[in-house]
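>>> Here's a sequence, model it:
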Amino acid sequence: MTARANGNGGRAKGNGSNGNGGHGGRANGNGGNGNRAASNGNGANDDRANGSDGTHARAGSGVYEHVAITGAAGAIGAALCASDWLEAGATTRFRGYDAIESLDYTSTTNEHTTCNWCPVSCKRTFIDVRLPGGQGRPWSKVSLAPGWERVISGNSCPKGLLEDVNEMRVVKKNLEAVKDAHPNTAEMVRETAFRRAKVPS
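Residues are numbered from 1 along each chain as shown. Predicted structure coming up:
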């Protein structure tokens, strides 16, 4: 049995006329905003309270479920991580909003930015940013003058962050060291599981 009471577009559900539901009695207020709060009655099994910012908070848990701002959840998580680092004594490298507003950059995607370190051939994008003290990349196929720094995106592995063979040698050496320390068991099985056994003559 469900009873509904309307107030400012809100409604209450429950098993009695007063909206007391033994399993999840809820009362909605200001229905236009979609904010709902668990009733203070007998709603023992649904103790979520919704804030006006679109978050759900479970009573006593300290856990917030972001609903209306899912598109910003990653930014919120990054901000929380940054806050933890600052509280631990780390310093920020953020250059400030004025620097962001005046940022000068170019973006290049063409045949010269395509990664050729493996057959995947990732279609990379070179984002070149003007920064004081930038070293540039005059040796690159997409030449970059001093006073600029390059950010590479669109790569699917660490190799795609590199343009220079000497840099690649260093990275490959490190990758091989990691591979030796942590063997790929799937590769080992592929090579040995179906190897023809030698039959004694």
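
>>> Please enumerate the helices of this protein.
Per DSSP state H, the chain carries helices over the ranges 73-87, 97-101, 165-181, 185-192.

>>> what helices or strands is the shortest one leaning on?
It stands for helix 97-101. The helices and strands touching helix 97-101, judged by 3 or more C-beta pairs under 8 Å, 6 or more residues apart in numbering; DSSP states H and E, number zero. The way it works is simple: take the backbone N, C-alpha and C, and place the C-beta from them, glycine included.

>>> Per the annotation, how does this protein divide into domains?
Here the domain assignment for the chain is 12-63, 97-161, based on automatic domain parsing.

>>> between these, which gets the lowest average pLDDT?
When those are ranked by mean pLDDT, domain 12-63 comes last with a mean of 44.

>>> what's Arg196 in contact with, if anything?
If you count contacts by C-beta atoms under 8 Å, 6 or more residues apart in numbering, Arg196 has none.

>>> just to revisit the earlier point, looking at the helices of the chain, spot the one closest to Ser201.
Ser201 sits nearest to helix 185-192 of all the helices of the chain, at 22.2 Å, using C-beta to C-beta.

>>> Quick check: closest non-adjacent residue to Glu163.
Leaving aside its chain neighbours, Glu163 sits nearest to Ser140 (5.4 Å; criterion: C-beta to C-beta, 6 or more residues apart in numbering).

>>> What about that neighbour, how many residues nearby?
15 (other C-beta atoms under 10 Å).

>>> Tell me how far Thr91 lies from Ser153.
Thr91 sits 26 Å away from Ser153, going by C-beta to C-beta, to the nearest Å.

>>> let me redo that: Phe94
20 Å.

>>> Between the two, which is the more surrounded one?
With neighbours defined as other C-beta under 10 Å, Phe94 and Ser153 compare such that Ser153 has more, 14 against 9.

>>> can you pull the contacts of the nearest residue to the more buried one once chain neighbours are set aside?
Nearest residue to Ser153, sequence neighbours excluded (C-beta to C-beta, 6+ apart): Thr125, at 5.0 Å. By C-beta under 8 Å, 6+ apart, the contact list for Thr125 reads 107-109, 113, 152-154.

>>> Glu87: which of the residues you listed is nearest?
Of all the contacts of Thr125, Ser153 has the smallest distance to Glu87: 30.6 Å, by C-beta to C-beta.

>>> For Val142, grab phi and psi.
Main-chain torsions, Val142, degrees, to the nearest 10: phi -110, psi 90.
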